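sequence and predicted structure are below.
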Amino acid sequence: MKSSHLQETDRAYKAYLYIFYVCAFLMLSIMAYSTWAMLQEWSEKGTYVMGEVLVTTHVPFPHFAKLITWLFFACIIGWYCVSRIGWKKAVRLHSWRMSLLQLMLLGFAIICLYEVLYNFMVLNALIAAGTINGQVPDIDRLTIAYPDTSRPWNLIFATKIFLVGFLISAHSFYLSTRPRKSLDELSTE
């Protein structure tokens, strides 16, 4: 039976590696643009809304996909590629290091899940409150002044970015709890 672990000589390994490079380029490009836009807004207004530029910018043309959607996609696909090509690093972790990593991953997953649920509930409450008042709000512009009142977060951005964090940390935790073979066992197959 063939192992599902990719080796550097496999063609699929190179495909995952190139896809990861594309995702990394997308993530870095989006981060650079959003940092530039945030600094522009800060210099003009003296304040900024975290993630708003990612929610209001459509790429490649209007009403197609927002930058936050591209970032979400690139993070998830990039993480999957990393988990497929970087398995040898995890195999080398043993006993207390793996246990500590699992505790950290479980903690990250719980915190991110809490943030997703919190932001989603606040988003729904603001939409419901606006609708009751007779004005359906522009959900792309809804913000929450938390954790710092002078730097509010866009709720769509916060929900999606914490969802990415939850999915990646939960998947990492799942992978870390699966039975693993040693490098010696894998090299003899």
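In hand now; what should we look at?

okay, now the unreliable bits of this structure?
1-4, 180-189 (pLDDT under 70).

ok, 90 please
Residue ranges of the chain with pLDDT under 90: 1-11, 46-47, 60-63, 86-98, 133, 136, 146-151, 176-189.

now the strands for it?
58-59, 65-66, 143-144, 153-154 (DSSP state E).

any idea how far the first one is from the chain center?
Strand 58-59 has its average C-alpha position 19 Å from the chain's average C-alpha position, going by Cα atoms, centre = their mean, to the nearest Å.

which helices and strands sit right next to it?
On a contact count with 3 or more Cβ pairs under 8 Å, 6 or more residues apart in numbering; DSSP states H and E, strand 58-59 meets strand 65-66, helix 67-85. (C-beta placed from N, C-alpha, C; glycine too.)

could you dump stretch 86-97 to PDB, C-alpha only?
The C-alpha coordinates for stretch 86-97 follow below in PDB (Å, rounded to 0.1, in the frame of the first residue of the first chain):
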ATOM      1  CA  GLY A  86       5.800  19.900   5.800                       C
ATOM      2  CA  TRP A  87       4.900  16.700   7.500                       C
ATOM      3  CA  LYS A  88       8.500  15.700   8.200                       C
ATOM      4  CA  LYS A  89       8.900  18.600  10.600                       C
ATOM      5  CA  ALA A  90       6.000  17.400  12.700                       C
ATOM      6  CA  VAL A  91       7.200  13.800  12.800                       C
ATOM      7  CA  ARG A  92      10.400  14.900  14.500                       C
ATOM      8  CA  LEU A  93       8.400  16.400  17.400                       C
ATOM      9  CA  HIS A  94       8.200  14.000  20.300                       C
ATOM     10  CA  SER A  95       6.600  13.700  23.800                       C
ATOM     11  CA  TRP A  96       6.500  16.900  25.700                       C
ATOM     12  CA  ARG A  97       7.100  19.200  22.700                       C
END
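
flag every buried residue along that stretch.
Trp87 (16 or more other Cβ atoms under 10 Å).

same thing with stretch 140-148?
142-144.
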